[in-house]
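Colleague: please find the sequence and the predicted model below.
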Amino acid sequence: RLFYERCALGKVDREDIRIQRILRGEEMTDTELRTICYDFAIDEFVALKDSYGDRALTTAEDDAYWWARHHGAIKDVKFGSALARLEALVVRLLLFELCFGWGVRLINLAFAAGVITVVYAVLYRVFCPNTILQYNGDNVAIRDVPWAGLCYVSLQAMIAVNTGWDFGYDDNRFRVLNVSQTVIGFILLTFFV
């Protein structure tokens, strides 16, 4: 691993010449020094990404990109202001890294799609139990649709197969949930592409 990455993660060797160059005789806390090491590590990963890209090493390029983005988010989680920590934790780590894999780890999208499918199936069951939809050729209330069938309906909504269905009794909650899931599906598809 890279020297500055180790330093950023807390293995600070103040006697090393690279750290001495950063300090230049000044006193710095470990937190200040680790913040600088994060910046240097991110710069090194960006340089690696560019180098791998120039040589058509796409897997290595994607990996370097992922690590640069990851360390940028972790730096803000550890050392940023309260607002920067919240943004880095929720938006960058949870949404972009965990759900979308920064656009380079596509398996994360599959896991995110699975979680969203199950979450929306639960939302349909909880908020729209009396909504009538066609299931196996019959008009069935959502509360009577089996869980596997409700997950199937949820998956169809996410990939925009059933958006705009002509539902029976509905107080518009199902339509709102259905369309919101389709929008999320478009976002997932965009990251996949």
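Modeller: Done, it's in.
Colleague: just the pLDDT for Arg69.
Modeller: Note for Arg69: predicted pLDDT of 92.
Colleague: meant to ask about Trp165
Modeller: Looking at Trp165, the pLDDT reads 56.
Colleague: now do Asn172
Modeller: Reading off the model, Asn172 has pLDDT 79.
Colleague: one more: the one 10 residues further on?
Modeller: Reading off the confidence values, Thr182 has pLDDT 87.
Colleague: that one: what secondary structure?
Modeller: Secondary structure, DSSP: H, G, I helix; E, B strand; the rest coil: Thr182 is helix.
Colleague: switch to numbering from 32
Modeller: Okay, using 32 as the starting number, the last item reads as Thr213.
Colleague: show me which residues of the helix or strand containing Phe71 are buried.
Modeller: Element membership for Phe71 (DSSP states H and E) is helix 61-85. By 16 or more other C-beta atoms under 10 Å, the buried positions in helix 61-85 come out as 64-69, 71-73, 75-77, 79-80, 83. All C-beta atoms are positioned from the backbone trio N, CA, C, and that covers glycine.
Colleague: ok, stretch 117-130 next?
Modeller: Of the residues in stretch 117-130, those buried (16+ other C-beta under 10 Å) are 118-120, 123-124, 127-128, 130.
Colleague: what are the phi and psi values at the residue lying farthest from the centre of the chain?
Modeller: Distance from the C-alpha centroid of the chain, by C-alpha atoms, centre = their mean, peaks at Gly56 (40.8 Å). Dihedral pair for Gly56: phi 80, psi 0, per degrees, to the nearest 10.
Colleague: quick one: residues contacting Val77.
Modeller: By C-beta atoms under 8 Å, 6 or more residues apart in numbering, the residues touching Val77 are 95, 99.
Colleague: change it to 10 Å
Modeller: Residues in contact with Val77 (C-beta atoms under 10 Å, 6 or more residues apart in numbering) are 95-96, 98-100, 103.
Colleague: same deal with Asp44?
Modeller: Contacts of Asp44 by C-beta under 10 Å, 6+ apart are 34, 37-38, 50-51.
Colleague: and with 7 Å instead?
Modeller: Applying C-beta atoms under 7 Å, 6 or more residues apart in numbering, one finds that Asp44 lies in contact with Ile50.
Colleague: with the one 5 residues further on instead?
Modeller: When contacts are counted by C-beta under 7 Å, 6+ apart, Arg49 touches Phe34.
Colleague: would it count as being in a helix?
Modeller: Yes - according to three-state DSSP, Arg49 belongs to a helix.
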